[in-house]
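Novice: Structure of the sequence below:
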Amino acid sequence: MLARLLGPANYGYFAVISSVSIVAGFVATLGVNRALLKYIALHSVRRSINELALRQRLAVHVLRVSLPAVGIVTAVVLVDVVGFRGTPRLALTVAVAALVALSGLQLVMADALRGHRHRVAAAFLEGQSGGAISFVALTVVLLPFVGHRIGLTTATALNVLAYALVLPIWWRFLRRRWRRVSREGRRAQRLERRRPPDQRQPWERSFLVLALTLMGTQITTFAASQADLWVVGATVPATDLSLFSAAFKLITVIGMPLYAARLALTPSVVALYSSGRIGELQSVTRRAASVAMIPALLSLALIVAEPRDLMTWIFGAGYAGGSQVLVWLTIGQAVNGLTGICGVVLAMTGYQRDALVIGLAAVAVKLAIGVPVALSSGIVAYAAVTSITTAAMNVAYLLFVRLRIGIWTFPSLRLGRMSA
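Specialist: Residues are numbered from 1 along each chain as shown. Predicted coordinates:
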């Protein structure tokens, strides 16, 4: 719908704004969303609510500053760098700032819900395009504009509206548990202040270091794929950017089953590893990869068979030129699925620095090689480069999981394991 409402001239810009806003949302949380998820999962094993409550209280103080600050800085820099010709700069800046802050808040809420075992609610709230329920809300608010052309600012503002409609409704799933932990947090903080200084545990620094490291792994993992839009946006004309963006959106169909497995199993990875059940951890991760592999291969077969017709049917005749890009991105995404949830396992079992280094190396290679290729050979050649680089990153995750933990996360072809 957005591809048709905005047209090839502006749809690529909207894709860049959405992508940057989601990545900036990771920065805006400073990683406390994933650190909280880890401690909520540990609480289910240790039953140490005071430990969790103190960290949740610190996280709230951090988010009150970081969400609006990162949102404003991101919006100002993005609008200033890209320019967005013919678009009201102030209105677009305000809309982007709000989108970044709401994206970060949605990440925090999704991980908190997941940690407290509201996994279905969390699954609807987080995703590569901002979450399934926000996607539904955006579709609804776009319906009155079908058949017309809308501007970039209007599209971004409608995206903000979609987030704003969803978050208060989803807060109801989390409110009771969050407030109970907050009350414990106030009590735990009073007890902590009464202790002599030499008996206090200096946990704040370790929590923030963990949060920042996890933020880095989240950003690099996401940027390893989303950076493609930024590179293409900086190197090719707006129409080519729209073709690449349309193909890029379509391949999320292939990656979605594995992405869902990552979201659903993150608390289980923490709980199983912390309790020493390594064999069960391998069994769970390989089953998840097996189940995710089947729809991924079916999607791959469908897309590779008729890429041009598929692009025309979904996005319109103006997007048929992105078919070769779609094929390359599809092949790369299918290869990634074969490595399973290795990145999550590495990051959530204490080896987040390894995951961070691998992700940064992949982004660096993609920029060093991809930018000259995009400038000289166009979007098809860049699609080939990025697919190979991202696949290599996931293979490195897989090998490091084997090296550090001693397990494999790739799919099992045994029928008993897959049916389980």
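Novice: drop to CA atoms for contacts and neighbour counts, all remaining ones
Specialist: Fine.
Novice: heading toward the C-terminus, what's the first helix or strand past the biggest helix by length in the chain?
Specialist: Longest helix of the chain, by residue count under DSSP state H: helix 152-194. Using DSSP states H and E, the helix or strand that directly follows helix 152-194 along the chain is helix 203-235.
Novice: Please work out the average pLDDT along that next one.
Specialist: Across helix 203-235, the average pLDDT comes to 77.
Novice: Report all helices and strands that the helix or strand that comes right after that helix contacts.
Specialist: Using DSSP H and E, the next helix or strand after helix 203-235 towards the C-terminus is helix 238-250. The helices and strands touching helix 238-250, judged by 3 or more C-alpha pairs under 8 Å, 6 or more residues apart in numbering; DSSP states H and E, are helix 11-29, helix 203-235, helix 307-315, helix 323-337.
Novice: Mean neighbour count, those: which tops it?
Specialist: Taking mean count of other C-alpha atoms under 10 Å as the contact definition, the stretch among the helices and strands packed on helix 238-250 with the greatest mean neighbour count is helix 11-29, which reaches a mean of 25.
Novice: That one to helix 203-235, inter-axis angle?
Specialist: An angle of 170 degrees separates the directions of helix 11-29 and helix 203-235 when computed by axes from the mean of the first three to the mean of the last three C-alpha atoms, to 10 degrees.
Novice: Under the pLDDT cut-off, which ranges of the stretch 1-150 of the chain? List them.
Specialist: For the stretch 1-150 of the chain, the stretches flagged by pLDDT under 70 are 44-48, 127-130.
Novice: where along it do the helices fall?
Specialist: Listed in chain order, the helices of the stretch 1-150 of the chain (DSSP state H, counting those that start in this stretch) span 2-6, 11-29, 32-46, 49-82, 89-115, 119-125, 132-142.
Novice: got the angle between the fourth one and helix 11-29?
Specialist: Angle, helix 49-82 to helix 11-29, by the same axes, to 10 degrees: 150 degrees.
Novice: Adding distance to Arg287 as columns, could you present the helices of the stretch 1-150 of the chain in a markdown table?
Specialist: Conversion of the helices of the stretch 1-150 of the chain to a markdown table gives the following (distance: least, C-alpha to C-alpha, whole Å):
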| stretch | distance to Arg287 |
| --- | --- |
| helix 2-6 | 36 |
| helix 11-29 | 29 |
| helix 32-46 | 21 |
| helix 49-82 | 31 |
| helix 89-115 | 20 |
| helix 119-125 | 18 |
| helix 132-142 | 24 |
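Novice: got a list of what Leu360 touches?
Specialist: If a contact means C-alpha atoms under 8 Å, 6 or more residues apart in numbering, then Leu360 has Thr220 as its contacts.
Novice: what about it, distance to Gly216?
Specialist: Distance of Leu360 to Gly216, given as C-alpha to C-alpha, to the nearest Å: 9 Å.
Novice: circling back: the helices and strands packed on helix 238-250: which one's closest to Tyr273?
Specialist: helix 203-235 (17.0 Å; C-alpha to C-alpha).
Novice: tell me the domain ranges of this protein?
Specialist: Structural domains annotated on the chain: 1-201, 205-420, as defined by automatic domain parsing.
Novice: Could you report the neighbour count for Ile254?
Specialist: 25 (other C-alpha atoms under 10 Å).
Novice: Repeat that for Val120.
Specialist: Close neighbours of Val120, defined as other C-alpha under 10 Å, add up to 11.
Novice: Roughly how far does it sit from Glu126?
Specialist: In this structure, Val120 and Glu126 are separated by 11 Å, where distance is defined by C-alpha to C-alpha.
Novice: for Ser242, same thing?
Specialist: Using C-alpha to C-alpha, one gets 24 Å for the distance from Ser242 to Glu126.
Novice: Which positions in stretch 156-176 come out as buried?
Specialist: By neighbour count with 16 or more other C-alpha atoms under 10 Å, stretch 156-176 contains the buried residues 156-164, 166-167, 170, 173-174.
Novice: Who has more neighbours out of Ser242 and Glu126?
Specialist: Neighbours were tallied for Ser242 and for Glu126 using other C-alpha under 10 Å; the higher tally belongs to Ser242 (29 against 22).
Novice: and the gap between that one and Ala9?
Specialist: Counting by C-alpha to C-alpha, the separation of Ser242 from Ala9 is 7 Å.
Novice: which residues does Ser242 contact?
Specialist: Each residue near Ser242 by C-alpha under 8 Å, 6+ apart is listed here: Pro8, Ala9, Asn10, Tyr11, Gly12, Tyr13, Tyr319.
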